[in-house]
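> Kindly return the folded structure for what I paste below:
(one chain, ligands or ions: 1)
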Amino acid sequence: MNVLANDGISKSGVKALETAGFNVSTDTIAQENLIEEINKQNFEVLLVRSATKVRSDIIDGCPNLKLIGRGGVGLDNIDVKYANEKGIEVINTPAASSQSVAELVMTHLFSISRSVFDSNRNMPNSSNGDFKVLKKKYAKGAELRGKTLGIIGFGRIGQFTAQYAIGCGMNVIAFDPFIENISIELKIANQTINVPINMVGMNELLSSSDYISLHVPMPADGKAIIGDDEFDKMKDGAKIVNAARGGVIDEDALLNALNNGKIAAAALDVFTGEPSPRLDLLTHEKISLTPHIGAATSEAQDRIGTELADKIISRFG
Ligand code: NAD
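Here you go, the predicted structure:
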């Protein structure tokens, strides 16, 4: 059986598939040539990340396609319902990248607490005299230890983030309409400790958190979860991280809250209008930025490749 991994797949994934007798191509085929090449080279499995779009034209145009696999969580680039109606199975790897996203959130939390992101921007352009100016500018850092992190959305990534934050001595509270009681497992030096999490209402989370991190899906109605009203309810000087989906924070409201001093800093891995985020976010001195790299670690990509391979082998092997 021929497998096309059009947006790439880890070496471990290729190896597992080839060992089980599959032929794997990792050559990227341009979107407009996909239908022709899938048919010509008789690919029956199409694996994508976020770049390749699998819409009804491909589903209709490739009658031999049996399975579409998404390396990662979001299925926004695949017409899942239509594929299923046509008898094509769609799989993804929702858990494989959670730990990597949580580590990126911690990276941003540390960065915005000590203005590391802004310092990296400004130091290369500073002359000797500016060194002292910058030293003064970044003199009001904060420790994470002892601060309250409010996590909105307490699924896979929210829980991994809580593990790291508790490990750093933070007090974690969380809001998730679908979870009432939960403990998370912390593994430290061969010991496992169960830590109960204080689940609170949204208003309590907003008013009690020094730091807020979002780990929710994009709501079906497309409405932001954090807008002007929610920023108003936050502590003065709170800091916020979004590594979920771009529209989960209203970007106009975020800029207002940063510019009027209500919140002290923000960190964004995701943006509305990706891959062209608005310039006033990218150039804002209080925003730490990464270009949607939450899952972009070699460990996560290995797990994604292996999980996809395992699922394909158990289905067709
Ligand atoms: P998950 O499904 O495991 O958890 C999401 C949680 O959000 C669920 O527990 C759900 O009950 C809760 N929830 C839903 N609506 C809510 C609301 N209005 N308020 C509060 N909680 C709500 O998902 P996950 O794997 O933890 O992923 C979370 C987000 O991270 C998703 O948006 C996903 O697309 C995104 N993500 C980003 C990256 C990246 O590269 N930055 C990588 C992977 C996933």
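> Spatially, what comes nearest to I9 if we skip its sequence neighbours?
Leaving aside its sequence neighbours, I9 sits nearest to G305 (C-beta to C-beta, 6 or more residues apart in numbering; 4.7 Å). All C-beta spots, glycine's among them, are computed from the backbone N, C-alpha and C.
> that's a strand at the one you found, yeah?
No: applying DSSP: H, G, I helix; E, B strand; the rest coil, one finds G305 to be helix, outside a strand.
> Point out the residues in this structure that sit beside the ligand.
73-74, 94, 97-98, 101, 152-158, 175-178, 215-217, 219, 225, 243-245, 269-270, 292, 294-295 (C-beta under 6 Å from any ligand atom).
> now, which of these lie within strands?
152, 175 (DSSP state E).
> Could you pick out the buried ones from the residues of the chain next to the ligand?
73, 94, 97-98, 101, 152-158, 175-176, 215-216, 225, 243-245, 269-270, 292, 294-295 (16 or more other C-beta atoms under 10 Å).
> closest point of the protein to the ligand, which residue?
Residue nearest to the ligand within the chain: G155 (1.8 Å; C-beta to the nearest ligand atom).
> so who does that residue touch?
Contacts for G155 (C-beta atoms under 8 Å, 6 or more residues apart in numbering) come out as 176, 215.
> repeat that for 6 Å
By C-beta atoms under 6 Å, 6 or more residues apart in numbering, no residues touch G155.
> contacting residues around stretch 106-116?
Outside stretch 106-116, the residues touching it (C-beta under 6 Å, 6+ apart) are 117, 138, 141-142, 144, 164, 211, 239, 241, 265, 267, 288.
> now F160: how far from F154?
Remark: distance between F160 and F154 (C-beta to C-beta, to the nearest Å) = 11 Å.
> now do L255
In terms of C-beta to C-beta, L255 sits 27 Å off from F154.
> Check D269 too.
For D269, the distance to F154 - C-beta to C-beta - is 19 Å.
> do the same with V200
For V200 relative to F154 (C-beta to C-beta), the value is 11 Å.
> for the stretch 51-200 of the chain, what spans make up the strands?
Ranges of strands in the stretch 51-200 of the chain, per DSSP state E, counting those that start in this stretch, are 67-70, 89-92, 148-152, 171-175, 183-188, 191-196, 198-199.
> contact partners of the first one?
Outside of strand 67-70, the residues that reach it under the criterion C-beta under 6 Å, 6+ apart are 45-48, 54, 78, 83, 89-92, 308.
> For ChimeraX, write the select line for the buried members of those residues.
Listed next is the ChimeraX selection for buried residues among the contacts of strand 67-70, using 16+ other C-beta under 10 Å:
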select :45,46,47,48,54,78,83,89,90,91,92,308
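> farthest pair in the contacts of strand 67-70?
Put simply, by C-beta to C-beta the two of the contacts of strand 67-70 set farthest apart are A83 and L308, 16.0 Å from each other.
> The residue nearest to I9 - how many residues pack around it?
Residues within reach of G305, counting by other C-beta atoms under 10 Å, total 25.
> residues in contact with it?
So G305 contacts 9-10, 12-13 (C-beta under 6 Å, 6+ apart).
> which of those residues lies closest to A189?
Using C-beta to C-beta, the contacts of G305 come closest to A189 at S12, 28.6 Å.
> what's around the closest one, how many residues?
For S12, using other C-beta under 10 Å, the count is 16.
> next one: the one 4 residues further on
Burial of A16 is recorded as 22 neighbouring residues (other C-beta under 10 Å).
> and what of L289?
So L289, with other C-beta under 10 Å, has 18 neighbours.
> Next: the one 4 residues further on.
Applying other C-beta under 10 Å, we find 13 residues neighbouring I293.
> so how far is E274 from it?
Counting by C-beta to C-beta - I293 and E274 are separated by 12 Å.
> and V14, what does it touch?
Counted by C-beta under 6 Å, 6+ apart, V14 has contacts V24.
> the helices in the chain, which residues?
Under the criterion DSSP state H, the chain contains helices at 11-19, 34-40, 56-61, 80-85, 98-114, 116-122, 128-137, 156-167, 202-208, 228-233, 251-259, 279-282, 298-316.
> okay if I get these as TSV plus mean pLDDT?
Converted to TSV, these look like this (pLDDT from 0 to 100):
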stretch	mean pLDDT
helix 11-19	97
helix 34-40	98
helix 56-61	97
helix 80-85	97
helix 98-114	98
helix 116-122	96
helix 128-137	89
helix 156-167	97
helix 202-208	98
helix 228-233	98
helix 251-259	98
helix 279-282	98
helix 298-316	96
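> how about the ones you listed, which one is nearest E185?
helix 156-167 (7.8 Å).
> Buried residues of that closest one, list them for me.
156-166.
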